[in-house]
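Engineer: got a predicted structure here, sequence first:
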Amino acid sequence: MKSRFVYGLVYAGMWLFSALPFCVLYLLSDLNYFLMYRIVGYRRKVVRDNLLRSFPEKSDKERRQIERRFYRYLSDYLLEDLKLLHMSAADLRKRMVYKNTEQYLEFTEKYGGIILMIPHYANYEWLIGKGAVMKPGDVPVQVNKPLKDKYLDELFKRIRSRFGGYNIPKHSTAREIIKLKREGKKMVVGLITDQWPSGDRYWTTFLGQQTAFLNGAERIAKMMNFPVFYCELTKNRRGYCEAEFNLMTETPKETAEGEITEMFAQRLEQTLRREPAYWLWSHKRWKFTPEECAQNEQEEQLKRKEGK
């Protein structure tokens, strides 16, 4: 009961806060940037290590410029995400512009669905409004990892479903998609696929280093035979973003193992080399090497055997 009460207070406070106009929110974002970057130094070591690993050819001055721009972006992103509690569908459509919609709408109709591979880039959370450019009755599916705090998880599910999004917990992805298919629904399945994978992984060279990627999107695409698109996001200016869905393959079942995930990694690297500041550099992206992962897995298998 206490947690529910606290959740209600937090939600009410956030809703009122999100009612502030963008001009005021960006003043607060500037203050938050100063506190987060200059005073607290939130994950600054992680950010600097990631940038050094990814762009060793750049000078210290160039990497510091990217670093400062990243923290300004992160501060804006946090408040823009919160603003979703109060934004109208019309305002969101004005601020998140969708390009090249004809092909993905055509393939959604033709195949019954598509897979949209999304990076943690620019204001990716605003993609929850993609239903506005879909045909009536089609389902904008959003796959997410449930949060440990059930009330906080409920808050984010409420935000993400405001514009007609169909939320699916990560562990139920295949089952829910098959269910929608059997019900005759056509869908766009959005999957964020660039974080460190906790389960099955695909290794490739990304930004000059061995990097593991989630391969769940590829497995779902092959299971359903849904065409796969890369979501190219462009941050034009504060509060305005573009999303372009670029086809990677129309026939996923005909691709080699790992080929779709490899294409995503290459597209993402092109995005980051074009404009690196708007990725989530504060994430501990390179936790282990392939050798360390193999050793950890062997140790886990040994523990399971000993526990029997």
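Structural biologist: Good, I have the coordinates.
Engineer: what residues of the helix of greatest length in the chain count as buried?
Structural biologist: Longest helix in the chain, counting residues (DSSP state H): helix 60-83. With burial defined by 16 or more other CB atoms under 10 Å, the residues of helix 60-83 counted as buried are 63, 66-67, 70-77, 79-83. Using the backbone N, CA and C atoms, a C-beta is placed for each residue, glycine as well.
Engineer: and for that helix, what's in contact with it?
Structural biologist: 14, 17-18, 22, 25-26, 28-30, 32-33, 36-37, 42, 44, 47-48, 51-52, 55, 58, 122-123, 125-126, 159, 235, 238-239, 276-282 (CB atoms under 8 Å, 6 or more residues apart in numbering).
Engineer: re the thing from before, nearest to residue 295 among the buried residues of helix 60-83?
Structural biologist: residue 63 (31.1 Å; CB to CB).
Engineer: pLDDT score for residue 1?
Structural biologist: Residue 1 is assigned a predicted lDDT (pLDDT) of 45.
Engineer: show me the shaky parts of this structure.
Structural biologist: Residues of the chain meeting the criterion pLDDT under 70: 1-3, 305-308.
Engineer: mark which of the contacts of helix 60-83 are buried, thanks.
Structural biologist: Counted by 16+ other CB under 10 Å, those give 17-18, 22, 25-26, 29, 32-33, 36-37, 47, 51, 55, 122-123, 125-126, 159, 235, 238-239, 276-282 as buried.
Engineer: strands of this structure, start to end?
Structural biologist: 96-99, 113-118, 139-144, 166-169, 187-192, 201-206, 209-214, 228-237, 240-249 (DSSP state E).
Engineer: right, so those strands: which one is the most enclosed?
Structural biologist: strand 113-118 (a mean of 26; mean count of other CB atoms under 10 Å).
Engineer: roughly how far apart are residue 126 and residue 80?
Structural biologist: Residue 126 is 7 Å from residue 80, where distance means CB to CB, to the nearest Å.
Engineer: and if you look at residue 60?
Structural biologist: Here the criterion is CB to CB. By it, residue 60 lies 30 Å from residue 80.
Engineer: how about residue 198?
Structural biologist: In terms of CB to CB, residue 198 sits 27 Å off from residue 80.
Engineer: just residue 166 next, same as before
Structural biologist: From residue 166 over to residue 80 (counting by CB to CB), the distance is 23 Å.
Engineer: how about residue 162?
Structural biologist: According to CB to CB, residue 162 and residue 80 sit 14 Å apart.
Engineer: thinking again about what came up before, out of the buried ones among the contacts of helix 60-83, list just those in helices.
Structural biologist: Reading helices off the buried ones among the contacts of helix 60-83 with DSSP H, I get 17-18, 22, 25-26, 29, 32-33, 47, 51, 159.
Engineer: now the end-to-end length of stretch 241-255.
Structural biologist: Using CA to CA, to the nearest Å, the end-to-end distance of stretch 241-255 comes to 32 Å.
Engineer: how distant is that stretch from the center of its chain?
Structural biologist: 16 Å (CA atoms, centre = their mean, to the nearest Å).
Engineer: please apply the same query to stretch 116-134.
Structural biologist: In terms of CA atoms, centre = their mean, the centre of stretch 116-134 is found 8 Å from the chain centre.
Engineer: do the same with stretch 193-211
Structural biologist: 15 Å.
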